[in-house]
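Visitor: The sequence and its predicted three-dimensional model are supplied below.
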Amino acid sequence: MSDYVIECHNLETAYAASLNRPILNGINCQIKRGEFVVLLGLNGAGKSTLLRSLVGLVPPVKGEIRINDLVMTPQTLPQIRRDVSMLFQGGGLIRQLSALENVLCGRLGARTTWQTFLGFPKRDRLLALELLEQLGLRQLADQKTSLLSGGQQQRVAIARALIQSPQILLADEPITGLDIMASQQVMQTLSKLHTEQGMTIVAVLHDLGIAAKYAQRAIVLNAGRVVYEGLCDNLQAQFAEISS
Ligand SMILES: Nc1ncnc2c1ncn2[C@@H]1O[C@H](COP(=O)(O)OP(=O)(O)OP(=O)(O)O)[C@@H](O)[C@H]1O
């Protein structure tokens, strides 16, 4: 079995006329089991597209994605989606539902249409409550998410991603728009999942200081390609090079 849980080989996605090139233009990268990797790059570099392609939301035109040694195909995608959870930009919660109901939505993929009419089984509700407890939100389980702060909402979104028990968590700008305290709480939550549960985490961030504090390794994208893969100790220099 390979050491790598995520591998992209010459990954190319659809051509974008506005960019005059494919959005991802020959991505090569490898991520090991249990790593905390930060994905960096200027606006439009292709970071969100790369994360989305890792859960099959953006089809490759060329190249290959392997998750846990499985080449991504329409046949392997259901298995891959069991192993990988994605935290979308802005959280993507349903505002009129409670925190608990939002977390339970993370189980919808595991249930048939008929089963959803019957409501969620007790064990799912207990698991959702346990996750909210772990994230310091047990008291807010019945609160509508529209009434929660940005940081609390982001932690509900993390709980929703975790209810699938993923091995890999992809987080697209998990702290954008949050204040310093909320950002720290969210980053500490991700860090704990990494250190205590050995979860593989790939997070898109824009703050180089936060990236260096939490991630073990950085992948920097520019114009749909990987331009740096390595330690987070000199990220400023990598960015100076991109923008020069
Ligand atoms: N469905 C699409 N059709 C056409 N162009 C697209 C599509 N999705 C993304 N793009 C373009 O591809 C480029 C990469 O977008 P992407 O969202 O992956 O960048 P990003 O690095 O995540 O940027 P940001 O930091 O601004 O979130 C952008 O120029 C965007 O306009």
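Guide: Okay, I see it. Numbers count the residues shown, from 1 in each chain.

Visitor: for the chain, longest helix please?
Guide: Selection of the longest helix in the chain by residue count, based on DSSP state H, yields helix 180-197.

Visitor: The helix or strand that that one is followed by to helix 180-197, inter-axis angle?
Guide: Secondary structure here is assigned by DSSP states H and E; on that basis, the next helix or strand after helix 180-197 toward the C-terminus is strand 200-204. Taking axes from the mean of the first three to the mean of the last three Cα atoms, to 10 degrees, one finds that strand 200-204 is oriented at 160 degrees with respect to helix 180-197.

Visitor: Quick check: mean pLDDT of strand 200-204?
Guide: In this model, strand 200-204 has an average pLDDT of 97.

Visitor: which helices and strands sit right next to it?
Guide: strand 4-12, strand 25-32, strand 36-41, helix 47-54, strand 168-172, helix 180-197 (3 or more Cβ pairs under 8 Å, 6 or more residues apart in numbering; DSSP states H and E). Glycine gets a C-beta too; all of them are placed from N, C-alpha and C.

Visitor: can you list the residues of this protein near the ligand?
Guide: Residues of the chain that fall close to the ligand, judged by Cβ under 6 Å from any ligand atom: 16, 18-19, 23, 41, 43-49.

Visitor: Can you turn the buried part of these into a PyMOL selection?
Guide: In PyMOL, a selection of the buried entries from the residues of the chain next to the ligand looks like this (16 or more other Cβ atoms under 10 Å):
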select buried, resi 23+41+44+45+46+47+48+49
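
Visitor: Turn the residues of the chain next to the ligand into CSV, columns for distance to Ala182 and pLDDT.
Guide: Formatted as CSV, the entries for the residues of the chain next to the ligand read as follows, by distance: Cβ to Cβ, whole Å; pLDDT from 0 to 100:
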residue, distance to Ala182, pLDDT
Ala16, 34, 88
Ser18, 34, 89
Leu19, 33, 87
Ile23, 31, 95
Gly41, 24, 93
Asn43, 22, 88
Gly44, 26, 89
Ala45, 25, 93
Gly46, 27, 95
Lys47, 21, 96
Ser48, 21, 95
Thr49, 26, 96
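
Visitor: And the strand or helix carrying Leu127, what does it pack against?
Guide: Assigning secondary structure by DSSP H and E places Leu127 in helix 122-134. Using 3+ Cβ pairs under 8 Å, 6+ apart as the contact test, the elements touching helix 122-134 are helix 99-105, helix 150-162.
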